[in-house]
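Asker: Okay, here's the prediction I keep looking at, along with the sequence it came from:
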Amino acid sequence: LPFATMSSKTGTFLLQQPLNYRAGARIQPVDGSHSEEVNEPATGRVMGKFLFSGEKEVDLAVQSAKAAFKIWSQKSGMERSRVLLEAARIIRERREEIATMETINNGKSIFEARVDIDISWQCLEYYAGLAGAIAGQHIQLPGGSFAYTRREALGVCVGIGAWNYPFQIACWKSAPALACGNAMIYKPSPLTPISVVMLAEIFTQAGVPNGLFNVVQGGAATGQFLCQHQDVSKVSFTGSVPTGIKIMEMSAKGIKPVTLELGGKSPLIIFSDSILENAVNGALMANFLTQGEVCCNGTRVFVQREILEAFTKEVVKRTQKIKIGDPLLEDTRMGALISRPHLERVLGFITQAKEQGAKVLCGGEPYVPDDPKLKNGYYMRPCVLGDCRDDMTCVKEEIFGPVMSILPFDTEEEVLERANNTTFGLAGGVFTRDIQRAHRVVAALQAGICFINNYNVSPVELPFGGYKMSGFGRENGQAGIEYYSQLKTVCVEMGDVESVF
Ligand SMILES: NC(=O)c1ccc[n+]([C@@H]2O[C@H](COP(=O)([O-])OP(=O)(O)OC[C@H]3O[C@@H](n4cnc5c(N)ncnc54)[C@H](O)[C@@H]3O)[C@@H](O)[C@H]2O)c1
Ligand SMILES: C[N+](C)(C)CCCC=O
């Protein structure tokens with residue numbers, strides 16, 4: 001179905017179709033508990049309403065996924081690979097339509113949304129490539145006996161996603177899950193319910209059995225029904241630390257494996273020998289993609305004192321030039337934040353930072369575009385904070401908005417101590433021309449994904465995930481296979497059985 005193309009101008013899209021997907025079709029949930037509005041962040045307009053799913057609908061989705069799992073898990077890796085490749089091809093073909101929908105529902109610029117959709121189909125292609133290579137081992141034992149291992153699917157997996165990368169997060173979870181032979185039920189964030197249903201339609205069109213990828217819409221209660229369902233074998237969650245803790249507690253009751261992709265407050269360390277232009281570009285990429293609503297952002301920017309002034313001046317100049325506005329316009333580089341309460345929360349962090357002694361070097365206030373249809377959108381000017389200290393709230397807590405905190409440092413030893421002084425551990429970065437120092441620094445960083453002389457690039461071949469309270473498990477890369485499969489050992493006796501009894 002053409003979706004966004006029928007109405008691809010900001011302020012015009014209307015939600016007309018059901019957003020649950022079960023057994024190969026869009027449906028209304030059988031026990032929709034209540035309906036919620038879905039907003040367009042760029043305009044603040046209500047685009048329509050959708051129903052939150054109750055326990056019965058969750059159970060129907062699980063039963064339908066179980067039936068599809070029986071078929072899909074019996075297919076060879078190569079057979080699954082062909083279907084995933086076809087899904088990747090359809091996403092490529094519908095790239096503009098999906099990116100437009102993502103922009104309308106999330107508020108990020110169309111420029112960025114296209115990149116998200118590219119990473120999404122690349123993820124499907126990558127796991128299609130691995131599907132045929134999923135294999136066990138043969139182990140020789142004495143007397144001609146032997147053993148072998150089988151890497152088997154887990155069953156019905158649940159994916160629960162955040163609102164910042166709605167389509168991409170669904171692909172990062174479903175591609176390895178399906179490649180390994182699992183079924184998946186996906187629950188997107190209620191703030192961004194739309195694009196994942198397009199993914200479900202694409203999987204059906206590509207040839208997955210009906211029910212293999214179902215979508216249930218809802219919030220915390222729906223998520224809980226999913227996590228607590230006895231026929232669910234695994235939960236993969238992307239979201240905040242407090243919700244991650246709840247997911248882990250619920251999964252513990254059923255001894256269900258979990259993958260937790262949680263928040264961060266990552267350090268970006270810029271040494272004085274860096275190429276200044278690259279370091280500035282890196283800091284912008286580390287802070288302002290998707291209006292700063294990125295889990296792995298390097299929001300604590302540690303700058304060696306010798307270049308503090310030059311770096312800060314350039315970062316501020318470049319930040320002030322970021323084009324904010326209608327996210328569907330080609331030259332927009334920063335769109336609208338996800339919601340009014342979230343915008344107010346981010347602005348609240350800036351007020352508090354000022355109270356605690358930080359200096360606003362640029363931005364940090366609401367932005368009202370000239371275009372009248374955007375006047376109720378959730379925009380703000382990206383902010384750079386100077387005079388920051390490690391004990392300030394803006395430096396300690398995840399803001400999840402376009403706010404960069406600059407922190408001076410003097411020595412490598414000092415900055416590493418400060419960089420690791422956080423309960424988070426998702427990402428980290430270093431800019432330097434000294435290669436020994438670069439590798440020494442990333443080896444010492446307590447973070448799951450580290451960047452040397454760049455930031456926030458994410459080829460799907462690379463495992464992604466956190467240390468410490470940023471979670472565990474990995475998405476993407478070969479490592480992703482381990483988190484959607486289980487190992488069976490088969491021991492084969494070729495001789496007679498000797499009994500000790
Ligand atoms: N590490 C990563 O890969 C990654 C990626 C994107 C976002 N994030 C993190 O996500 C957070 C922002 O996203 P958010 O505001 O959507 O997070 P959130 O934790 O509020 O919600 C995430 C998802 O969990 C669901 N949920 C909420 N309560 C639940 C419960 N009790 N049981 C089951 N499901 C429940 C929500 O409906 C949503 O789908 C940030 O902290 C960000 O860093 C992490
Ligand atoms: C694609 N990025 C920019 C690495 C973001 C990954 C998802 C985190 O929120």
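Answerer: Everything's here; your move. From a predicted model like this one, the values you see are computed outputs, not experimental measurements. Ligands and ions are numbered 1, 2, ... in the order given.
Asker: Please make it C-alpha for all contacts and neighbour counts, starting now.
Answerer: Noted.
Asker: Would you pull up the residue in the stretch 101-250 of the chain closest to ligand 1?
Answerer: Residue of the stretch 101-250 of the chain nearest ligand 1, by Cα to the nearest ligand atom: residue 239 (3.0 Å).
Asker: Per-residue pLDDT of that residue, please?
Answerer: Confidence at residue 239, expressed as pLDDT, is 98.
Asker: Please enumerate the helices of the stretch 151-300 of the chain.
Answerer: Counting by DSSP state H, counting those that start in this stretch, the stretch 151-300 of the chain has helices at residues 166-179, 195-206, 220-228, 241-253, 276-288.
Asker: Including mean neighbour count and distance to residue 355, could these go into CSV?
Answerer: Below are the helices of the stretch 151-300 of the chain laid out as CSV (neighbours: other Cα atoms under 10 Å; distance: least, Cα to Cα, whole Å):
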stretch, mean neighbour count, distance to residue 355
helix 166-179, 26, 35
helix 195-206, 22, 40
helix 220-228, 20, 34
helix 241-253, 16, 26
helix 276-288, 22, 22
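Asker: Next one: the residue of the stretch 101-250 of the chain closest to ligand 1 relative to ligand 2, how far apart?
Answerer: 9 Å (Cα to the nearest ligand atom, to the nearest Å).
Asker: same question, residue 101
Answerer: Distance of residue 101 to ligand 2, given as Cα to the nearest ligand atom: 18 Å.
Asker: Residue 174 now?
Answerer: According to Cα to the nearest ligand atom, residue 174 stands 15 Å off from ligand 2.
Asker: pLDDT at that residue, what is it?
Answerer: With respect to pLDDT, residue 174 scores 99.
Asker: repeat for residue 158
Answerer: Confidence score, pLDDT, at residue 158: 98.
Asker: list the contacts for it?
Answerer: By Cα atoms under 8 Å, 6 or more residues apart in numbering, the contact list for residue 158 reads 184, 185, 186, 187, 226, 227, 232, 233, 234, 235, 236.
Asker: The first one: neighbour count?
Answerer: This means residue 184. Neighbourhood size, residue 184 [other Cα atoms under 10 Å]: 32.
Asker: so what's it up against?
Answerer: 65, 156, 157, 158, 159, 174, 177, 178, 212, 213, 214.
Asker: for residue 58, same thing?
Answerer: 216, 222, 225, 226.
Asker: re earlier: spit out the contact partners of the residue of the stretch 101-250 of the chain closest to ligand 1.
Answerer: Contacts for residue 239 (Cα under 8 Å, 6+ apart) come out as 161, 162, 260, 261, 262, 263.
Asker: Equivalent analysis for residue 38, please.
Answerer: So residue 38 contacts 46, 47, 48, 49, 50, 190, 191, 192, 193 (Cα under 8 Å, 6+ apart).
Asker: Just the element for the fourth one, please.
Answerer: In this assignment (DSSP states H and E), residue 49 forms part of strand 45-51.
Asker: tally of neighbours for residue 133?
Answerer: 12.
Asker: Out of the helices of the stretch 151-300 of the chain, which gets nearest to residue 36?
Answerer: For these, distance to residue 36 was read as Cα to Cα. The smallest value, 13.2 Å, belongs to helix 220-228.
Asker: Check which helices and strands the closest one is in contact with.
Answerer: Applying 3 or more Cα pairs under 8 Å, 6 or more residues apart in numbering; DSSP states H and E, we find helix 220-228 packed against helix 55-72, strand 156-160, helix 241-253.
Asker: what would these look like in JSON lines with distance to ligand 2?
Answerer: Converted to JSON lines, the helices and strands packed on helix 220-228 look like this (distance: least, Cα to the nearest ligand atom, whole Å):
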{"stretch": "helix 55-72", "distance to ligand 2": "26"}
{"stretch": "strand 156-160", "distance to ligand 2": "14"}
{"stretch": "helix 241-253", "distance to ligand 2": "13"}
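Asker: For the helix or strand hosting residue 414, give me every contacting residue.
Answerer: Residue 414 belongs to helix 412-419 when assigned by DSSP H and E. Applying Cα under 8 Å, 6+ apart, the external contacts of helix 412-419 come out as 266, 267, 269, 302, 390, 409, 441, 444, 445.
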